[in-house]
Structures are given as C-alpha cells and as structure tokens.
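Asker: Got a sequence here, can you build the structure:
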Amino acid sequence: MTATGRIILLNGASSSGKSSISRALQDRLDAPFWHISIDHLRDAGVLPLARIRSGEFVWADMREAFFDGFERSLLGYTSTGNDLIVEYIVETRAGMNRLVGLMAGQDIFFVGVHCPLDELERREKSRGDRPIGDAARDFHTIHVHCDYDLEVQSLAPPGDNADRIIAAWRARSEDRAFSRMAKTGQSAIDSA
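Answerer: Here you go, the predicted model:
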C-alpha cells in the first residue's frame, strides 16, 4: 500500500514570491517534493491561451472547471504517495471552503505568504506577465478567510523563508489549519 503524500500549500497574492519560496523548499527538503502551480499549467500550454485571448473561448466560462480540476488533481498525486509543494491563490471564502472539504483527511501544511502592497505592485509591473491590478486585488482579499499553520513575509530571502517553513513543517502537530477550519464549519461539505 502506498502512503498518502503530504502537501505544503503556499497561499499568497500574485507576485508575492510563492515560486521563489517553492523552489527553495524543493532544494532543501529531505524527500522529493513535486512543485505544482497554476502557472506551470499555463506556461506548459495546457490552456488554449491564444484562443482565449482572441475571444473564441471565454475564460469566464472555463475558469471554475479549470480550478476545480486543478484542486482535484492534487488528490490524484497524493493518493499515489507523491509529496507536493503547491502554490495557489485562494481567492474567496467559498474557494477556501471548497478546498477544505475536498482535502479532508490530507496531510496539509498551510502557509500564508505576505508581501507589502507597494512591493507586490512593483513586482507585478516588472514581471510584465500579469494583468496590472491582480496583486492589489489579491492583497485585499486572499488572507481574510484563511487560518494558517505558518505565515511568512516574502521580503525575507526565499531560502530563509524555506528554512522557517521546513522547521515548522517538521514540528507540525495534528492540530493544523485545514483541520481547524473543517471543525469550525469552514468546508464545502457543511455549506452544501
């Protein structure tokens, strides 16, 4: 029987530094962790971006199924014993509830990645691959509906944040954020 994989889930605004921290975690963890994100799918050409941009396909019509499929795919990876570092942006309370319900019973260590708004906006502009304004929208919404196991500031070097996350992850108890949110009724199952 294959052991269920573990997840270190990083939630932060667009351009908050999740990717840099994820790469530092992957370089430092003792076990082989897969690094998974929506950006990886986008950059690999999974989505028909040219046809979405041309208006032939409407992203709003595809968006919910895309994110639901991404979240469900995580269970496929962990059910076969793969450990994951997942970058995500949990945009709404409903999204958090859905994720809590879907991931019930999984070994998830939930990390909030914070970054000051002015720095988020500077990074967003310098990257040039994000719609301007996404970082500000995320900054004001994504952390308000989350209970975390650990929170980090992305102005610290990625390696320092990775070391903090690994130390806290190794010392984790059974009382973790996803379990607490499920117990307080913050789950898709309870709101269905």
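Asker: what's the weakest-modelled helix or strand in the chain?
Answerer: The least trusted helix or strand in the chain, going by mean pLDDT, DSSP states H and E, turns out to be helix 188-191, with a mean of 38.
Asker: Quick check: buried residues in stretch 122-139?
Answerer: By neighbour count on 16 or more other C-beta atoms under 10 Å, the buried set for stretch 122-139 is 123-124, 134-135, 138-139. For glycine as for every other residue, the C-beta is placed from the backbone atoms N, C-alpha and C.
Asker: what distance separates it from the centre of its chain?
Answerer: Remark: stretch 122-139 is offset 17 Å from the chain centroid, using C-alpha atoms, centre = their mean, to the nearest Å.
Asker: Report the mean confidence score over it.
Answerer: Stretch 122-139 shows a mean pLDDT of 80.
Asker: same deal with stretch 104-111?
Answerer: Mean per-residue pLDDT for stretch 104-111: 93.
Asker: Any buried residues in it, and which?
Answerer: In stretch 104-111, counting by 16+ other C-beta under 10 Å, buried: 106-111.
Asker: how close does the residue in the chain sticking out farthest from the centre sit to residue 50?
Answerer: The outermost residue of the chain relative to its centre, with distances by C-alpha atoms, centre = their mean, is residue 56 at 29.0 Å. Distance of residue 56 to residue 50, computed by C-beta to C-beta, to the nearest Å: 9 Å.
Asker: residue ranges for the strands of this protein, please.
Answerer: Assigned by DSSP state E, the chain shows strands spanning 6-12, 33-37, 83-88, 107-114, 150-153.
Asker: can you state the direction angle for the first one and strand 83-88?
Answerer: Translated: strand 6-12. 20 degrees (axes from the mean of the first three to the mean of the last three C-alpha atoms, to 10 degrees).
Asker: begin at 38 from here
Answerer: Understood, numbering begins at 38; the last thing we discussed is strand 43-49.
Asker: Ignoring the adjacent residues along the chain, who's closest to residue 128?
Answerer: In space, and not counting its chain neighbours, residue 128 is closest to residue 179: 6.1 Å by C-beta to C-beta, 6 or more residues apart in numbering.
Asker: same question for stretch 201-213, mean pLDDT?
Answerer: 94.
Asker: can you give me the end-to-end distance of that stretch?
Answerer: End-to-end distance of stretch 201-213 (C-alpha to C-alpha, to the nearest Å): 16 Å.
Asker: can you pull the buried residues of it?
Answerer: Neighbour counts using 16+ other C-beta under 10 Å place 201-203, 206, 209, 213 of stretch 201-213 among the buried residues.
Asker: Same question for stretch 63-82.
Answerer: Buried residues in stretch 63-82, counted by 16+ other C-beta under 10 Å: 66, 70-71, 73-75.
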